[in-house]
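Chemist: A structural model of the following input is requested.
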Amino acid sequence: MITKIDINSESFLAERSKTESFVKTVQGKRGWVNHPNAEINESVIVGLTRNQMIYGTRYCPCFMVQGDTKEERREADNRICPCKPALQAEIPNEGRCHCGIYCTPEHAESVRVEEQAEIVAHEHSRGLSKEECEAILRERQIDADDLEALLEARKIGFVTFNLVDVREWNEWARKRIDGTDYLIPTTSFYESIAKLDDQKETPTIVYCFSGSRSAQCQMAMKDLGFAQVTNLRSGIMSWKGEVLRGE
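Modeler: Below is the predicted model:
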């Protein structure tokens, strides 16, 4: 069953305020700053709050939480914010944690410059042949430009595939890629994926916020017998195309 959490409810807003204070405290102690993209920060804050309400722990929202019980989740060594990989490797080496909520000031400034340059330079005018579409769908991972081109090709009948969002309901309702066919949340993945049992031969593209949860779902779907499953590298974070909002 898909869990629907009302992000405007009093209980959620109260928990969100605690999460925001927690993140600011961590940033202040470490000398980190927010990601320059406000939507990334918003998504991570909401995700941390959601996990706190569901699991009682601020698990990293960019990864599928493994384990049905507290003991199993502890054994699975799920990422808890701020997670060890971020502290030990990601931020020292890359200037940001995987989710992006914690950045060094230097990294944040470089991202601002890059994003402005991309806005100026970006011009999407790529048309794909049927053969190119089929070749891309055989790839293990694709980028946002590939997906945008595939969605355009699907509109004119060059290719058939399912686009699956594996984030949670509140993330999907807030913003999803225009052209998404199914919501299969990671918190109810094996129950929800059953609706696609009769479509295992249809190529499938999965996405989440950053590409991590969807990569885990990609592997699970291959184990379940799905013929072709492709992951959107960097997730909806990298998407510059049309989006839908609301239920």
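
Chemist: if I look at the residue nearest in space to the middle of the chain, how far off is residue 64?
Modeler: For the chain, the residue whose C-alpha lies nearest the mean C-alpha position (Cα atoms, centre = their mean) is residue 209; its distance is 1.4 Å. Using Cβ to Cβ, to the nearest Å, residue 209 is found at 12 Å from residue 64. Heads up, the C-betas are built off the backbone N, CA and C, glycines and all.

Chemist: Repeat that for residue 5.
Modeler: As for residue 5, its distance to residue 64 is 17 Å (criterion: Cβ to Cβ).

Chemist: These two: which has the busier surroundings?
Modeler: residue 64 (21 against 17; other Cβ atoms under 10 Å).

Chemist: ok, that one touching residue 189?
Modeler: Yes: taking Cβ atoms under 8 Å as the definition, residue 64 is a contact partner of residue 189 at 7.3 Å.

Chemist: Overlap of the contact sets of those two?
Modeler: In the contact map built from Cβ atoms under 8 Å, 6 or more residues apart in numbering, the residues linked to both residue 64 and residue 189 are residue 217.

Chemist: pLDDT value on the residue nearest to the centre of the chain, please?
Modeler: We have a pLDDT of 95 for residue 209.

Chemist: do the same with residue 130
Modeler: With respect to pLDDT, residue 130 scores 86.

Chemist: So what's the residue count around it?
Modeler: For residue 130, the number of neighbouring residues by other Cβ under 10 Å comes to 12.

Chemist: quick one, phi psi at it?
Modeler: In this entry, residue 130 is assigned phi and psi values of phi -60, psi -40 (degrees, to the nearest 10).

Chemist: Contacts only, for the residue nearest to it when sequence neighbours are not counted.
Modeler: Distances taken as Cβ to Cβ, 6 or more residues apart in numbering place residue 158 nearest to residue 130, at 4.7 Å, with adjacent residues excluded. The neighbours of residue 158, taking Cβ under 8 Å, 6+ apart as the test, are 128-130, 133.

Chemist: my guess is residue 180 meets residue 161, correct?
Modeler: No: between residue 180 and residue 161 there is no contact, the gap being 11.6 Å when judged by Cβ under 8 Å.

Chemist: Looking at these two now, which is surrounded by more residues?
Modeler: Neighbour totals were compared for residue 180 and residue 161, and residue 161 leads with 22 against 18 (other Cβ under 10 Å).

Chemist: wait, isn't the more buried one in contact with residue 150?
Modeler: Yes: under the criterion of Cβ under 8 Å, residue 161 makes contact with residue 150 at 6.9 Å.
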